[in-house]
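Peer 1: Predicted structure and sequence below. I'll ask about it afterward.
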Amino acid sequence: MNDGVNGVALAVFIFFFLAVTVMGFLAARWRRAADEQSLDEWGLGGRSFGTWVTWFLLGGDLYTAYTFVAVPAAIYAAGAAGFFAVPYTILVYPLIFTFLPRLWSVSHKHGYVTTSDFVRGRFGSKGLSLAVAVTGILATMPYIALQLVGIQAVLDVMGVGGGENTNWFIKDLPLLIAFGVLAAYTYSSGLRAPALIAFVKDTLIYIVIAVAIIYIPIKLGGFDEIFKAANDKYTANGAGGIVPAETGQWTYATLALGSALALFMYPHSITATLSSRSREVIRRNTTILPLYSLMLGLLALLGFMAIAAGVKVENGQLAIPQLFETMFPAWFAGVAFAAIGIGALVPAAIMSIAAANLFTRNIYKDFINPDATPAQETKISKLVSLLVKVGALAFVLTMDKTVAINFQLLGGIWILQTFPALVGGLFTRWFHRWALLTGWAVGMLYGTLAAYGVASPTQKHFGGSAKEIPGIGEIGYIGLTAFILNAVVTVVLTFAFRAVNAPDGIDETSPEDYTADAGDKGVQAELPPATAGATH
């Protein structure tokens, strides 16, 4: 790693950073609505985005700086086992094709802003809605922190901030500046800011990966040499080569499946989805989003290239930024660093907005101020979005970076436990609200305790997301095991509660709501005033 500042790369990075900052503030004027003081406008961009805007927004939302840094870093450290991210992004799109259009339709009809809004309306349960909201906020916080980790990795490689002995304020000042800019334009422009910036972010990422996948292998002597160097390293480390050992196959498969089920449970994924202007926009996007999976597969190969290029780093998250600085001309390294940095800003903005919307609609409005006006909701969401970012920043500045990754894995375990209530509720109301809440609690408790018992070389607890599956004896993804326990408890207790005629909550939705499109009349005006106030 270079000892000094890479001036050319830094200049290019600053240029793109300033460009997207200007775009972030100008986004407040993009598709400006007559009444901006509502969560529909600030938190969902007026529910007005078409196919391409939604595609870039979802891509910017799902393929983050964490993806850019951590996926090839996993390949760099562990071999082909890190490729689990590729099959899970392939599995997820047929899955969401079945339920996202239904969620969009019912949310459009009733003015739902969050998944918890839907759960409350479907099952008539504020308790279950609160559980989903709290889970979403907890799972999102470490995810935001990882985006800041991605920015910090780029800054470290460029030599910005000084060495380890530098005063903490000077060392972290560049990250503090990036955080301040992100917070300011998110507060000002809401979801429109990341939607506009996502065009730049995704374009840069596609350019960088296209160049890297051609240029770097040429410099390293071709893919034969790259794979040979990687295989030699893993063999020397006792890993048996590039291909993971048979003992790791259960972990690989369960992690891929569990991650696929969890991806669109995250609040930020749903926020980007509900910003679309029609049901057909969602359906089209589920068919073209797999293009990002192709990009992800190529991106993962950078981990092997870092090995072949002789990159040596103690922190694996620095491997890809260091590869770019080593292999690219300084000016193009700056472009690559900008792609990673902007790749952090877009999802961090969406995630903070999504978490803020959950707090405002499903905690503040449901339990603190039921009579909150749309303007008050918007104000609270803006403030909470700032607090969420501050919490993520504090997490990054005070904890080891590997801790951030492991807590994000814990967040994946947690968010998967909302699947039965959300997806189950979109297709049937047979599940009893009390059974869903109990199943959620069992899944959360098992998943947290199991993850607590996993150690790593750097952590005594929460050191990973894989553990022996009870009754099978194979090592598998804790989140999927917890989800199965959750589902079993939900089904068994639903039979029990139905048998004793336990009271159901009031379902404010109707079957036709789940297939409604943008041209269909909403139902808010047909609801009693108290109900309408609770859902809009």
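Peer 2: Alright, I've got the coordinates. Numbering: from 1, shown residues only.

Peer 1: Which neighbouring elements make contact with the helix or strand containing Asp61?
Peer 2: According to DSSP states H and E, Asp61 maps onto helix 51-62. Judged by 3 or more C-beta pairs under 8 Å, 6 or more residues apart in numbering; DSSP states H and E, helix 51-62 is in contact with helix 192-220, helix 267-274, helix 279-288, helix 330-359. Any C-beta I mention is one placed from the backbone N, CA and C, and that applies to glycine too.

Peer 1: burial count for Leu493?
Peer 2: 20 (other C-beta atoms under 10 Å).

Peer 1: Settle this for me: it is touching Trp440, isn't it.
Peer 2: No: using C-beta atoms under 8 Å, Leu493 makes no contact with Trp440, being 11.3 Å away.

Peer 1: I'd like the helices and strands packed on helix 51-62 as TSV, with mean pLDDT and distance to Val134 appended.
Peer 2: As requested, those are exported to TSV (pLDDT from 0 to 100; distance: least, C-beta to C-beta, whole Å):
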stretch	mean pLDDT	distance to Val134
helix 192-220	92	24
helix 267-274	94	11
helix 279-288	92	26
helix 330-359	93	8
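
Peer 1: nearest to Thr418, of those helices?
Peer 2: The closest of these to Thr418 is helix 267-274. By C-beta to C-beta, the value is 9.6 Å.

Peer 1: report the angle between the axes of the closest one and helix 279-288?
Peer 2: Going by axes from the mean of the first three to the mean of the last three C-alpha atoms, to 10 degrees, helix 267-274 is angled at 120 degrees with respect to helix 279-288.

Peer 1: Helix 267-274 - contacts with which helices or strands?
Peer 2: Checked by 3+ C-beta pairs under 8 Å, 6+ apart, helix 267-274 has helix 51-62, helix 85-110, helix 126-158, helix 330-359 packed alongside it.

Peer 1: Residues contacting it, please?
Peer 2: 43-44, 47, 54, 57-58, 61-62, 100, 103-104, 107, 112-115, 136-137, 139-140, 143, 191, 263-264, 282, 347, 350-351, 353-355, 357-358 (C-beta atoms under 8 Å, 6 or more residues apart in numbering).

Peer 1: try 7 Å
Peer 2: 43-44, 47, 54, 57-58, 61-62, 100, 104, 107, 114-115, 136, 140, 191, 263-264, 282, 347, 350-351, 353-355, 357-358 (C-beta atoms under 7 Å, 6 or more residues apart in numbering).

Peer 1: Tell me which helix or strand Glu41 sits in.
Peer 2: Secondary structure assignment for Glu41, by DSSP H and E: helix 39-42.

Peer 1: Quick one: distance of that helix to the chain centre.
Peer 2: 20 Å (C-alpha atoms, centre = their mean, to the nearest Å).

Peer 1: Tell me which other helices or strands it touches.
Peer 2: helix 374-398 (3 or more C-beta pairs under 7 Å, 6 or more residues apart in numbering; DSSP states H and E).

Peer 1: Could you check the helix it packs on and say which residues are buried?
Peer 2: The neighbour-count check on helix 374-398 (16 or more other C-beta atoms under 10 Å) flags 377-378, 380-382, 384-385, 388-389, 391-393, 395-397 as buried.

Peer 1: Stretch 337-345 too?
Peer 2: Those would be 337-345, for stretch 337-345 by 16+ other C-beta under 10 Å.

Peer 1: C-alpha coordinates for it, CSV please?
Peer 2: Taking C-alpha atoms only, stretch 337-345 is exported to CSV below (Å, rounded to 0.1, in the frame of the first residue of the first chain):
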residue,chain,number,x,y,z
PHE,A,337,-12.8,4.6,-6.0
ALA,A,338,-15.6,7.0,-6.9
ALA,A,339,-17.7,4.0,-8.0
ILE,A,340,-17.2,2.4,-4.6
GLY,A,341,-17.8,5.7,-2.7
ILE,A,342,-20.9,6.6,-4.6
GLY,A,343,-22.0,3.0,-4.3
ALA,A,344,-22.0,3.6,-0.6
LEU,A,345,-23.9,6.9,-0.6
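
Peer 1: Deepest in the core, which of the helices and strands packed on helix 267-274 is it.
Peer 2: Mean neighbour count (mean count of other C-beta atoms under 10 Å) peaks for helix 330-359 among those, with a mean of 27.

Peer 1: Tell me the gap between it and the middle of its chain.
Peer 2: With C-alpha atoms, centre = their mean, you get 11 Å for helix 330-359.

Peer 1: same deal with stretch 246-264?
Peer 2: The answer for stretch 246-264 is 17 Å, by C-alpha atoms, centre = their mean.

Peer 1: what's the pLDDT at the residue nearest to the spatial centre of the chain?
Peer 2: In the chain, the residue lying closest to the centroid (C-alpha atoms, centre = their mean) is Leu62, at 5.5 Å. Listed pLDDT for Leu62 reads 79.

Peer 1: ok, now the one 3 residues further on?
Peer 2: According to the prediction, Ala65 has pLDDT 75.

Peer 1: Check Phe169 too.
Peer 2: Per-residue pLDDT puts Phe169 at 66.

Peer 1: How about Gly238?
Peer 2: pLDDT, Gly238: 69.

Peer 1: where does the closest residue to Gly334 other than its chain neighbours land in three-state SS?
Peer 2: Spatially, and ignoring its direct neighbours in sequence, Gly334 is nearest to Val12 (2.6 Å; C-beta to C-beta, 6 or more residues apart in numbering). Under DSSP: H, G, I helix; E, B strand; the rest coil, Val12 falls in the helix class.

Peer 1: which is the next helix or strand following the helix holding Asp61?
Peer 2: Using DSSP H and E, the helix or strand that follows helix 51-62 in sequence is helix 65-78.

Peer 1: Does that following helix pack against any helices or strands, and if so which?
Peer 2: helix 126-158, helix 291-300, helix 302-308, helix 319-327, helix 330-359.

Peer 1: tell me the angle of that helix relative to helix 319-327?
Peer 2: Helix 65-78 runs at 80 degrees relative to helix 319-327, counting by the same axes, to 10 degrees.

Peer 1: Render the CA-only coordinates of helix 65-78 in PDB, please.
Peer 2: Output in PDB follows, covering the C-alpha atoms of helix 65-78 (Å, rounded to 0.1, in the frame of the first residue of the first chain):
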ATOM      1  CA  ALA A  65     -20.300  -0.600  -1.600                       C
ATOM      2  CA  TYR A  66     -20.500  -3.600   0.800                       C
ATOM      3  CA  THR A  67     -21.100  -5.800  -2.300                       C
ATOM      4  CA  PHE A  68     -18.300  -4.100  -4.200                       C
ATOM      5  CA  VAL A  69     -15.800  -4.600  -1.400                       C
ATOM      6  CA  ALA A  70     -17.000  -7.600   0.700                       C
ATOM      7  CA  VAL A  71     -18.000 -10.100  -2.000                       C
ATOM      8  CA  PRO A  72     -14.600 -10.200  -3.700                       C
ATOM      9  CA  ALA A  73     -12.900  -9.800  -0.300                       C
ATOM     10  CA  ALA A  74     -14.700 -13.100   0.700                       C
ATOM     11  CA  ILE A  75     -13.300 -14.700  -2.400                       C
ATOM     12  CA  TYR A  76      -9.900 -13.300  -1.700                       C
ATOM     13  CA  ALA A  77     -10.000 -14.800   1.800                       C
ATOM     14  CA  ALA A  78     -12.000 -18.000   1.500                       C
END
